[in-house]
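Asker: got a predicted structure here, sequence first:
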Amino acid sequence: MCVAPTPSHLVWVDCEMTGLNPERDELLEVAVVVTDKDLLPLDEGVNVVVSPSSEALGAMDNYVARMHRVSGLLDELSNGVPVSEAQAMVKEYITKHVKTGGIMSGNSIATDRLFITRYMPDVHAILHYRMIDVSSIKELAVRWAPEIYSGAPNKKGGHRAMADVLESIAELAYYREHFLTGTA
């Protein structure tokens, strides 16, 4: 069976949103870092604070509003850019490293992908349909190798997009070294 090769670079994405439903909630912050196949960042990445609608901000539930207040993100929204400008910045960054077919990677990345698909369709169009979800690997470690899971790096990102991206990369590097080590 012949399978077309996929790009070796990984496109790490994290989004902070007003909630988890892309039909009513909006993006607040997007961070992207491209790594090589060995999980080494090619540069510092891009981090963009997005200016949401007043309706989306007003509809945030108390838990989400408190989370973004504590992280400091709410204070930065007044300096946010329109989502169209954020999309252009993110696309420009990704295509500097991967022209098309980048593998979207991160923790619980399916949720981020829903928001990217809805609010940044030009970015979604350059990403491969495959994804690497570190949360799935974590769930396997919990079940199959709890001693390895217990040694995984602690997360401290505090719900800021760039910190969460960097922690996801570090977490996969840990699982690569300690869990995904078998040979055929």
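Answerer: Ah, there it is. Quantities reported herein were computed from a predicted structural model and do not represent experimental measurements.
Asker: hmm, who's touching stretch 146-157?
Answerer: 138, 141-142, 163-164, 166-167, 170-171, 174-175, 178-179 (Cβ atoms under 8 Å, 6 or more residues apart in numbering). Heads up, the C-betas are built off the backbone N, CA and C, glycines and all.
Asker: give me the buried subset of these.
Answerer: Among those, those classed as buried by 16 or more other Cβ atoms under 10 Å are 138, 141, 163-164, 166-167, 171, 174-175, 179.
Asker: tell me which two of those residues sit farthest apart.
Answerer: Spanning the widest gap among those are Ala163 and Phe179, at 22.9 Å by Cβ to Cβ.
Asker: quick check: end-to-end length of stretch 126-139?
Answerer: With Cα to Cα, to the nearest Å applied, stretch 126-139 spans 28 Å between its terminal residues.
Asker: typed the wrong thing, it's stretch 93-106
Answerer: One end of stretch 93-106 sits 17 Å from the other (Cα to Cα).
Asker: just the buried residues of that stretch, please?
Answerer: For stretch 93-106, a neighbour-count test (16+ other Cβ under 10 Å) marks 93-94, 97-98, 101-106 as buried.
Asker: which of these has the weakest pLDDT?
Answerer: Of all these, Gly101 carries the smallest pLDDT score, 87.
Asker: roughly how far does that one sit from Leu40?
Answerer: Separation of Gly101 from Leu40 (Cβ to Cβ, to the nearest Å): 20 Å.
Asker: ok, Tyr174 next?
Answerer: From Tyr174 across to Leu40, the span is 15 Å (Cβ to Cβ).
Asker: now do Ser78
Answerer: Per Cβ to Cβ, Ser78 is found 35 Å from Leu40.
Asker: ok, Val83 next?
Answerer: Distance, Val83 to Leu40, by Cβ to Cβ: 30 Å.
Asker: list the residues that contact the residue nearest to His97 when sequence neighbours are not counted.
Answerer: Spatial nearest neighbour of His97, chain neighbours left out: Val34 (4.2 Å); criterion: Cβ to Cβ, 6 or more residues apart in numbering. Contact analysis of Val34 by Cβ under 8 Å, 6+ apart lists 9-12, 41-43, 45, 93-94, 97-98, 102.
Asker: alright, calling it a day.
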